[in-house]
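S.K.: sharing a model prediction with you, sequence too.
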Amino acid sequence: MLAAIYALIACGYVLVYRVSRVLNLAHGELMMLGAYALMLTAAQFTTYWPAAIAAAVGLSLLTGVLVYLFLMRKMTGEMVLAAVLTTVALGILLRGVMVLVWSAQQQYPAQALGVANTSIALPGGARISFFSALLILTTLLVYGALLSFLRFGRWGIRMRAAGQSPLLAAQRGINLHAVYALAWGLSTLTGALAGILIALDSGLDQTMAIIGLKAFPAALVGGLDSLVGALAGSLIVASAEVLLIHYVDPLLSEVVPFLVLIAMLVVRPWGLFGTREELDRV
Amino acid sequence: MSRRPRASGYFRTGYAQDLKLVETRTERWSLSAFLMALLAFPFFASPFQLDLANQVFLASIGALALMLLTGYAGQISLGHAGLLAAGAFTAGILFKEMNAPVWVTLPAATIAGALLGVVFGLPSLRLRGLYLAVSTLALHFLVVYLGGEYEARRGFSTGIVIDAPKLGGWTISGGRTWYFILGAFAGATLLLCLNLLRSGTGRAWAAIHAKETVAEALGIGVAAHKLLAFVISSALTALAGALFAYYRGFVSVEAFSLFLTIQYVAMIIIGGMGSLLGAILGAVFVTLFPYAIEAAIGALPGAQRYAGSLFAVNYAAFGVVMILFLVLEPLGLVGVWKRIQTYFLLWPFKHRPMPGSRR
């Protein structure tokens, strides 16, 4: 369950990093924005909840593209630190705006949509809530779709090309800005999906951005430019977190992902499945 | 530190002149006038203004330390709040557990900071750029967790209360006393940084910043100097953290969130990378910014209605300002200042002569 959440969020980090070499630290906030977008659409589509979710996801795709077009496009070619800090600033801005618009109180979009979060009995006696099941299913679907898209889709191949060598890609007639915008859009979309499903399952408030930040070690452990790695990294981080909370100390929950991260950075900084050459060693 | 040549005919004719920090008569005059103003300020200012000034001093120490590390040595760190927390908690814990006096806790906090600096700096020997930033970020979470754990275990769940420090029979309290103490600390930090950067260490940092391989080839111990940058910066930061703890009389992990790190990074970005003046300008700007926003909102009609959302407005406005600086003025406030200077130096011409062309 936790692994599915992390995996769904982590693939957003991976998408943007793989294509444009920018680490998007505003991902948690963008994810939260997606969840709040659901609150917005929930008011419109009160009768049919999948339509509300679809509309919210569509909105967040648009947001991602807009963020790139109006903000990150200006930062291409700048220092890496400057670009990362821009995303940080964007995150702060979004958080402020979201508190202003939707207030800091916890909200339950599931109630607004009128969907009951029924629990489903699994074989083996475990129970799982409907939205958790949906979340795991979505994660699997998203990963399947993304992997095949990057492998076979025309735009997917373009994205991989742009990630490998922007200069050569541009010379072969690939519209880099369009590719980057698409990557941002897709990344925000997957993030929003995660945000929406978490919100449906356990309510929505300002702490959601922290989950987004905690998913980032998962992306890094797996290797920042590898989708499969993100999946594996999420599994590792999530199981480490659950085990340590269970056996050592519940307060650890906040730090475990970062502990794993430090361990990984010491041993194998480029991640489990990441490409190695980009990190020039001293 | 390379200083730009002056417009008028001032030439250095000896090494002694090259070493001077204050060169011309005008500089000496303006500097002493500024110092006089700083000394006179607390006798005219309201307690609120004094508090602001003290916060600026505290922020300047931290910002200067971060500037040494990021602006000069080129090592990106996102763990600044963690180091501040380490300093504050060292002071707080020593005070609580052993009732240690201030002349023990402050050096202890500094030493703790230096040790942590080694820990924070170790990844830098292997990692660069983004990955280094991420590893310091992870260490920040670790330090804050340890602080929170201490609070929870010892039952200070809301925070540690620290009494006003005593030196001999003299208790340090009151805004005016703190103003002079914090001001002295900030001034000492500035002098230390200025002289460090002129020394071999500073030059080695600049070389590492520019190109590590070349620095190594020039015979500079890259690893040692990187670690040294982390150690000095962290020690200063921890000192600032301990001073902060004493000044507030209170330590709590909530104060040292990721947002604090971002604020410090914003200070050196907004102020201008690679400039000590920038660090101070940035510290002033970032510290005063929320109060300016508050005042601006208070001046709007119907101020009461917005009072609840002040925090959020601050957040949003801070994000906007940071984005604007990053996109429009990457050189920061110092960039603006230099442009004004150049404008007047070159007036009535617009551009400086091409390098290498005959005057």
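M.R.: Noted; the coordinates are in hand.
S.K.: so what's the nearest residue to A:Lys74 once chain neighbours are set aside up against?
M.R.: Closest residue in space to A:Lys74, ignoring its immediate chain neighbours: B:Val327 at 5.1 Å, by CB to CB, 6 or more residues apart in numbering or on different chains. For glycine as for every other residue, the C-beta is placed from the backbone atoms N, C-alpha and C. By CB atoms under 8 Å, 6 or more residues apart in numbering or on different chains, the residues touching B:Val327 are A:Leu71, A:Lys74, A:Met75, A:Thr86.
S.K.: for the chain, what spans make up the strands?
M.R.: Picked chain A for this. A:119-121, A:127-129 (DSSP state E).
S.K.: sorry, should have said chain B
M.R.: Using DSSP E, strands in chain B cover B:160-161, B:166-167, B:170-171, B:250-251.
S.K.: wait, B:Ile61 sits on B:Leu236?
M.R.: Yes. Look at B:Ile61 against B:Leu236 with CB atoms under 8 Å: they come within range, at 6.2 Å.
S.K.: so what sits against both of those two?
M.R.: Shared contacts of B:Ile61 and B:Leu236 (CB under 8 Å, 6+ apart): B:Thr189.
S.K.: mind pulling up the pLDDT for the closest residue to A:Leu150 other than its chain neighbours?
M.R.: Counting by CB to CB, 6+ apart, A:Gly156 is the residue found nearest to A:Leu150 once chain neighbours are left out, at 4.1 Å. Listed pLDDT for A:Gly156 reads 81.
S.K.: quick one: A:Gly156 from A:Gly64, how far?
M.R.: Going from A:Gly156 to A:Gly64 by CB to CB, to the nearest Å gives 16 Å.
S.K.: among the contacts of B:Val327, name the buried ones.
M.R.: Neighbour-count burial within those applies to A:Leu71, A:Met75, A:Thr86; the criterion is 16 or more other CB atoms under 10 Å in any protein chain shown.
S.K.: now for the contacts of B:Val327: which two are most distant?
M.R.: Of all pairs drawn from these, the greatest distance, 8.4 Å, lies between A:Lys74 and A:Thr86 (CB to CB).
S.K.: how about low-confidence regions in chain A?
M.R.: By pLDDT under 70, the weakly predicted segments of chain A are A:1, A:45-47, A:76-80, A:103-128, A:203, A:206, A:249-252, A:269, A:274-282.
S.K.: tell me the contacts of the residue nearest the centre of chain B?
M.R.: What sits nearest the mean C-alpha location of chain B, by CA atoms, centre = their mean, is B:Ala63, with 1.2 Å. Counting by CB under 8 Å, 6+ apart, B:Ala63 makes contact with B:Tyr264, B:Met267, B:Ile268, B:Gly271, B:Ala279, B:Ile280, B:Gly282, B:Ala283.
S.K.: highest neighbour count among those?
M.R.: Greatest neighbour count in these, by other CB atoms under 10 Å in any protein chain shown, goes to B:Ala279: 33 neighbours.
S.K.: give me the neighbour count for A:Gly233.
M.R.: Residues lying near A:Gly233 (other CB under 10 Å) number 34.
S.K.: and it, what is it in contact with?
M.R.: Contacts for A:Gly233 (CB under 8 Å, 6+ apart) come out as A:Tyr6, A:Ala10, A:Pro217, A:Ala218, A:Ala219, A:Leu220, A:Val221, A:Gly222, A:Gly223, A:Gly271, A:Leu272.
S.K.: next, format these as CSV and append distance to chain B and neighbour count.
M.R.: Putting these into CSV (distance: CB to the nearest CB, whole Å; neighbours: other CB atoms under 10 Å in any protein chain shown) gives the following:
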residue, distance to chain B, neighbour count
A:Tyr6, 16, 31
A:Ala10, 14, 33
A:Pro217, 7, 31
A:Ala218, 13, 32
A:Ala219, 10, 32
A:Leu220, 6, 33
A:Val221, 11, 30
A:Gly222, 14, 30
A:Gly223, 12, 26
A:Gly271, 10, 25
A:Leu272, 15, 17
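S.K.: among those, name the ones in helices.
M.R.: Counted as lying in helices by DSSP state H, out of the contacts of A:Gly233, are A:Tyr6, A:Ala10, A:Pro217, A:Ala218, A:Ala219, A:Leu220, A:Val221, A:Gly222.
S.K.: quick check: the gap between the fourth one and A:Leu81.
M.R.: The reference is to A:Ala218. 23 Å.
S.K.: likewise the fifth one?
M.R.: If you measure A:Ala219 against A:Leu81 using CB to CB, the figure is 19 Å.
S.K.: do the same with the second one
M.R.: If you measure A:Ala10 against A:Leu81 using CB to CB, the figure is 22 Å.
S.K.: still on that earlier bit, between the ones in helices among the contacts of A:Gly233, which is nearest B:Leu331?
M.R.: A:Leu220 (30.9 Å).
S.K.: so where do the helices sit in chain A?
M.R.: Counting by DSSP H, chain A has helices at residues A:2-20, A:27-44, A:49-70, A:80-102, A:109-113, A:130-152, A:154-164, A:166-171, A:176-202, A:208-222, A:227-247, A:256-267.
S.K.: could you tell me how many residues sit around A:Leu134?
M.R.: The burial count for A:Leu134: 17, using other CB under 10 Å.
S.K.: I meant to write B:Gly14 there.
M.R.: If you count neighbours by other CB under 10 Å, B:Gly14 ends up with 7.
S.K.: then B:Phe43?
M.R.: Neighbour count for B:Phe43, taken as other CB under 10 Å: 8.
S.K.: wait, what's in contact with the residue nearest to it when sequence neighbours are not counted?
M.R.: Spatial nearest neighbour of B:Phe43, chain neighbours left out: B:Arg176 (7.8 Å); criterion: CB to CB, 6+ apart. Applying CB under 8 Å, 6+ apart to B:Arg176 gives the contacts B:Pro42, B:Phe43, B:Leu50.
S.K.: hang on, the first one packs against B:Gly175?
M.R.: Yes. Here B:Pro42 lies in contact with B:Gly175, judged by CB under 8 Å, at a distance of 7.3 Å.
S.K.: between these two, which contacts overlap?
M.R.: Taking CB under 8 Å, 6+ apart as the criterion, B:Pro42 and B:Gly175 both touch B:Leu50.
S.K.: in stretch B:98-118, what's buried?
M.R.: B:Ala100, B:Val102, B:Thr105, B:Leu106, B:Ala108, B:Ala109, B:Thr110, B:Ala112, B:Gly113, B:Ala114, B:Leu116, B:Gly117.
S.K.: so B:Glu23 versus B:Arg198, what's the distance?
M.R.: 13 Å.
S.K.: B:Phe34 now?
M.R.: 21 Å.
S.K.: equivalent analysis for B:Val251, please.
M.R.: Separation of B:Val251 from B:Arg198 (CB to CB): 36 Å.
S.K.: higher neighbour count, these two?
M.R.: It is B:Val251, of B:Val251 and B:Arg198, that has more neighbours when counted by other CB under 10 Å, with 31 against 15.
S.K.: just give the nearest non-adjacent residue to that one, would you?
M.R.: B:Gly92 (4.0 Å).
S.K.: would you confirm that the one you found contacts B:Ile160?
M.R.: Yes. Contact status for B:Gly92 versus B:Ile160: in contact at 4.1 Å, counting by CB under 8 Å.
S.K.: what about B:His209, how many residues nearby?
M.R.: 17.
S.K.: what's in contact with stretch A:148-164?
M.R.: Residues outside stretch A:148-164 that contact it (CB under 8 Å, 6+ apart): A:18-21, A:168-169, A:172, A:174, A:176, A:179-180, A:182-183, A:225, A:227.
S.K.: please repeat the previous calculation with a cut-off of 7 Å.
M.R.: A:Arg18, A:Val19, A:Ala169, A:Ile174, A:Leu176, A:Val179, A:Leu182, A:Ala183, A:Asp225 (CB atoms under 7 Å, 6 or more residues apart in numbering or on different chains).
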